[in-house]
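Engineer: Got a predicted structure here, sequence first:
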Amino acid sequence: ELKVAEQERIQARNGLALAKASFNHALSRDTGAPVQLVAPDAIPKDLPSLEELIEAAKAARPEVRAAQHALPLQKSIRQARERQLLPELNITATMSRDPQARGFGSERDTISATAVLSVPIFDAGRVRSIVDQSKQDEEQAHIALQQTILAVELEVRQAWLDVVAAREAVETAAKGVEVA
């Protein structure tokens, strides 16, 4: 039994040396640099609820805000392109005054008005295809927003579960120390 315990101690020492080297490597330091281990702070017993953390992450993450801003932009682009299908009415009016008008047939004041109604009849489907593409772009922006929110929720859920698992591992290790 003594030999087994000694082998376990050697394996533990080697594991500690490898952990220190990995830690230094993760920090881009020399793997042989000394590492000072300190006791971790106590893991808080009262964690915020998962739902609270998810909502806070959705509000704070820049990629969610960017996707939220892209959606109204795509909607306004689609609406502008849909307006190309509508009839267009242009009205212009002109008034001119000639204070020195004299003679036969000359008028002192002249007013003219023009109204032009343009109705898109045939454009070989160009505008309709542009509108359809805008609708697809708007739908893609909506899908991108949903995917971004789901990715943030997944990251928060994974982090929360990692914290819960770490807290349980620390509690189990503490009980093991008490028993030893």
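Structural biologist: That came through fine.

Engineer: Low-confidence regions, this protein specifically.
Structural biologist: For the chain, applying pLDDT under 70 flags the ranges 40, 43, 103-105, 180.

Engineer: try 90 this time
Structural biologist: Filtered on pLDDT under 90, the chain yields the residue ranges 1-5, 27-28, 31-32, 35-48, 83-87, 96-111, 118-128, 163-164, 166-180.

Engineer: Helices of that one, start to end?
Structural biologist: Using DSSP state H, the helices of the chain run over 2-26, 50-60, 62-82, 126-179.

Engineer: residues near the residue lying closest to Asn90 once chain neighbours are set aside, how many?
Structural biologist: Distance criterion CB to CB, 6 or more residues apart in numbering; nearest residue to Asn90, sequence neighbours excluded, is Val116 at 4.7 Å. Just so you know, the C-beta spots here come from the backbone N, C-alpha and C atoms, and that holds for glycine as well. For Val116, the count of nearby residues is 9 (other CB atoms under 10 Å).

Engineer: And the one 3 residues further on, by the same measure?
Structural biologist: The burial metric for Val119, expressed as a neighbour count using other CB under 10 Å, is 8.

Engineer: what's the residue closest to the geometric middle of the protein?
Structural biologist: The structure's the chain has its C-alpha centroid closest to Glu63; by CA atoms, centre = their mean the separation is 2.2 Å.

Engineer: Quick one: neighbours of the closest residue to that residue other than its chain neighbours, just the number.
Structural biologist: In this structure, Glu63 finds its nearest non-sequential neighbour in Thr148, 5.4 Å apart by CB to CB, 6+ apart. A count of neighbours around Thr148, defined by other CB under 10 Å, yields 19.

Engineer: I'd like the distance between Thr148 and Ala66.
Structural biologist: Relative to Ala66, Thr148 is positioned 8 Å away (CB to CB, to the nearest Å).

Engineer: From Arg78, how far out is Leu71?
Structural biologist: For Leu71, the distance to Arg78 - CB to CB - is 11 Å.

Engineer: Show me which of the two is the more surrounded one.
Structural biologist: When Leu71 and Arg78 are compared for neighbours, Arg78 comes out ahead with 20 against 13, by other CB under 10 Å.

Engineer: can you count the residues close to the residue lying closest to that one once chain neighbours are set aside?
Structural biologist: Take Arg78 and drop its neighbours on the chain: the residue closest to it by CB to CB, 6+ apart is Ser134, 3.9 Å away. When neighbours are counted by other CB under 10 Å, Ser134 registers 19.
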